[in-house]
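> here is a sequence together with a model predicted from it:
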Amino acid sequence: MKEEIKKPIRILSLIGFVLIVFASQAVWVTFSPIVTYAAKDLGVAVEQVGLLAVTYPIFFLLLTIPSGVLLDRNFKRWFLFGAIATFFAAFGRIASFNYWWLFACQLSGALGQPFLLNAFVPYASQIYSERRPLVISVLSLSMYLGTVYALASGTKLYSIGGIEAVILPIALISVLGFILAVVGIKPVTFVSSKEKSMERLGTVVKRKDLWILGAILGFGVATFDNLATWLQPALASVNLEQLAGDAVAVSIVLGLIGVAVVPGKVASRNIRTIYIRTIVPVIALFFAILAIAVNKTLLFVFLGASGFLMLPAYAIIMDWIGKFCGKDVHGSATGFVGLTSRGISVALTLAAMYFIGSAATYFTFLTIPVFIAFLLAMLLPKDSAMNAGSVNSAN
């Protein structure tokens, strides 16, 4: 099918997809850096502003599997649904700065996000099958960059022009992304599953490798979320709490570099399983050392290295689905892995609040799920075994 799609159309559709994903993630955490300021301007409690960001993980948990199933049934229709919902969320916010209007826009963004994130694999596999790992990496990078942009720019933009200055750039990006996505996706024909939704989902649920990948991804996401949420109070016991923000920032920046360069090399060498088996015990060792002895140097070196190794795992796992699952179940498989991983990550992030009394206890807590992820990685089939024809390959 890829020969039928003209190169300019493919490029337009990819640029549009990248921009609308960027906008979606930026909408998610738009107010996170300015919660107290926004609450004062909007005349609501701080908790109500915080609730805006909470809508995204809640909706993702509820919709990740349904969105994946619907994408398999009719990719173009439901991808555009996600793009429209995100466009309304980002651009609609400039109409009014009333809290309840912003809340309605946020719900629209939360509704659209699963349809965009679960579209990575089917999109890359069907439009860019010869460059699937690269395109998945680019889309994953846009996902992370949207979040980083909002978190890094929020306070500065607010100081320049208040809530309007914070919202406007994201709105403009969403307009361009939406237009390019619609124009680029319109002439493309996608593979649709002929199986009934429950049969298709049943095929996915029977895949042991997808259960393992979902759990490994869940433990990885939980580790990252825990660092972003609880590192500062945990470091207070060793008087290093002032370093938490910078340490996490370094981890994210190096992680973004890793996302840009690592997945393609791993895919070209067919060492997805080997990569996962290698990095997980290394990261576990980093946290184990920090549990014993933590100082400024070890904190920055180990968290930076962990980010570089860990963030690319998302794109690698998505590429696994694109490589070793049939095209007609790519959305369902992505949704299933997303549900499994998000359930684990939410549970562990909530549990971590009981282990932040000391840095030693906190890093010990982080070491345990990473070690469990290593045990699970040892059960994951090697790429060579998957290539031998044990599954319905996407290629």
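That came in fine, so what should we check first?
> which helix in this protein has the most residues?
helix 132-185 (DSSP state H).
> contacts only, for Val148.
Ile252, Leu256 (CB atoms under 8 Å, 6 or more residues apart in numbering). Glycine gets a C-beta too; all of them are placed from N, C-alpha and C.
> any idea how far the longest helix of the chain is from the middle of the chain?
14 Å (CA atoms, centre = their mean, to the nearest Å).
> and what of stretch 82-99?
Per CA atoms, centre = their mean, the centroid offset for stretch 82-99 relative to its chain is 21 Å.
> CA-only coordinates of that stretch in CSV, if you can.
C-alpha atoms of stretch 82-99 as CSV (Å, rounded to 0.1, in the frame of the first residue of the first chain):
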residue,chain,number,x,y,z
GLY,A,82,-8.9,11.9,18.2
ALA,A,83,-7.5,14.8,16.2
ILE,A,84,-10.8,16.7,16.3
ALA,A,85,-11.2,16.2,20.0
THR,A,86,-7.6,17.5,20.6
PHE,A,87,-8.1,20.4,18.3
PHE,A,88,-11.2,21.5,20.2
ALA,A,89,-9.4,21.1,23.5
ALA,A,90,-6.4,23.2,22.5
PHE,A,91,-8.1,25.9,20.3
GLY,A,92,-11.4,26.0,22.1
ARG,A,93,-9.7,27.3,25.3
ILE,A,94,-9.0,30.7,23.8
ALA,A,95,-12.8,31.4,23.6
SER,A,96,-13.2,31.7,27.4
PHE,A,97,-11.1,31.6,30.6
ASN,A,98,-14.0,30.4,32.6
TYR,A,99,-13.0,27.3,34.7
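> now the element after the helix or strand containing Ala83, going C-ward?
Assigned by DSSP states H and E, Ala83 belongs to helix 75-92. As assigned by DSSP H and E, the chain's next helix or strand after helix 75-92 is helix 99-117.
> who are the packing partners of that next one?
helix 7-28, helix 46-73, helix 75-92, helix 330-351 (3 or more CB pairs under 8 Å, 6 or more residues apart in numbering; DSSP states H and E).
> export the first one as PDB, just CAs?
Going back to what we said before, that points to helix 7-28. Output of helix 7-28 as PDB, limited to C-alpha atoms (Å, rounded to 0.1, in the frame of the first residue of the first chain):
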ATOM      1  CA  LYS A   7       5.700  11.100  -0.600                       C
ATOM      2  CA  PRO A   8       4.400  14.700   0.000                       C
ATOM      3  CA  ILE A   9       1.100  13.300   1.400                       C
ATOM      4  CA  ARG A  10       3.000  11.000   3.700                       C
ATOM      5  CA  ILE A  11       5.100  13.900   5.000                       C
ATOM      6  CA  LEU A  12       2.100  16.100   5.500                       C
ATOM      7  CA  SER A  13       0.300  13.400   7.400                       C
ATOM      8  CA  LEU A  14       3.300  12.700   9.600                       C
ATOM      9  CA  ILE A  15       3.900  16.400  10.400                       C
ATOM     10  CA  GLY A  16       0.200  16.800  11.300                       C
ATOM     11  CA  PHE A  17       0.300  13.700  13.500                       C
ATOM     12  CA  VAL A  18       3.400  14.900  15.300                       C
ATOM     13  CA  LEU A  19       2.000  18.400  15.900                       C
ATOM     14  CA  ILE A  20      -1.400  17.200  17.100                       C
ATOM     15  CA  VAL A  21       0.200  14.700  19.500                       C
ATOM     16  CA  PHE A  22       2.500  17.500  20.800                       C
ATOM     17  CA  ALA A  23      -0.600  19.700  21.400                       C
ATOM     18  CA  SER A  24      -2.500  16.800  23.100                       C
ATOM     19  CA  GLN A  25       0.300  16.300  25.600                       C
ATOM     20  CA  ALA A  26       0.800  20.100  26.200                       C
ATOM     21  CA  VAL A  27      -3.000  20.400  26.900                       C
ATOM     22  CA  TRP A  28      -2.700  17.700  29.500                       C
END
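> just the C-alphas of the helix or strand just after it, formatted as CSV.
Scanning forward in sequence from helix 7-28 by DSSP H and E, the next helix or strand is helix 35-42. C-alpha atoms of helix 35-42 as CSV (Å, rounded to 0.1, in the frame of the first residue of the first chain):
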residue,chain,number,x,y,z
VAL,A,35,-1.6,25.7,39.5
THR,A,36,-1.7,28.4,42.2
TYR,A,37,-1.6,31.3,39.8
ALA,A,38,-4.4,29.8,37.6
ALA,A,39,-6.5,29.0,40.6
LYS,A,40,-6.4,32.7,41.7
ASP,A,41,-7.1,34.0,38.2
LEU,A,42,-10.0,31.5,37.6
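> and the helix holding Ala83, how far out from the chain middle?
Centre to centre, stretch against its chain (CA atoms, centre = their mean), the figure for helix 75-92 is 18 Å.
> quick one, which of the helices and strands packed on helix 99-117 is nearest to Trp211?
helix 330-351 (6.7 Å; CB to CB).
> other SSEs contacting the closest one?
helix 46-73, helix 99-117, helix 120-127, helix 197-205, helix 208-235, helix 312-324.
> can you rerun that using 7 Å?
helix 46-73, helix 120-127, helix 197-205, helix 208-235, helix 312-324 (3 or more CB pairs under 7 Å, 6 or more residues apart in numbering; DSSP states H and E).
> what about it, distance to the chain center?
11 Å.
> how about it: buried residues?
330-342, 344-346, 348-349 (16 or more other CB atoms under 10 Å).
> report the angle between the axes of whichever helix or strand comes after that helix and helix 208-235?
Using DSSP H and E, the helix or strand that follows helix 330-351 in sequence is helix 359-377. If you take axes from the mean of the first three to the mean of the last three CA atoms, to 10 degrees, helix 359-377 sits at 170 degrees to helix 208-235.
> which other helices and strands does helix 359-377 contact?
By 3+ CB pairs under 7 Å, 6+ apart, helix 359-377 packs against helix 208-235, helix 272-292.
> any idea which of the ones you listed scores lowest on pLDDT?
Among these, helix 208-235 carries the lowest mean pLDDT, a mean of 87.
> how far away is the closest residue to Phe355 other than its chain neighbours from Gln232?
Nearest non-adjacent residue to Phe355, counting by CB to CB, 6 or more residues apart in numbering: Phe365, 4.0 Å away. The gap separating Phe365 from Gln232 is 15 Å, by CB to CB, to the nearest Å.
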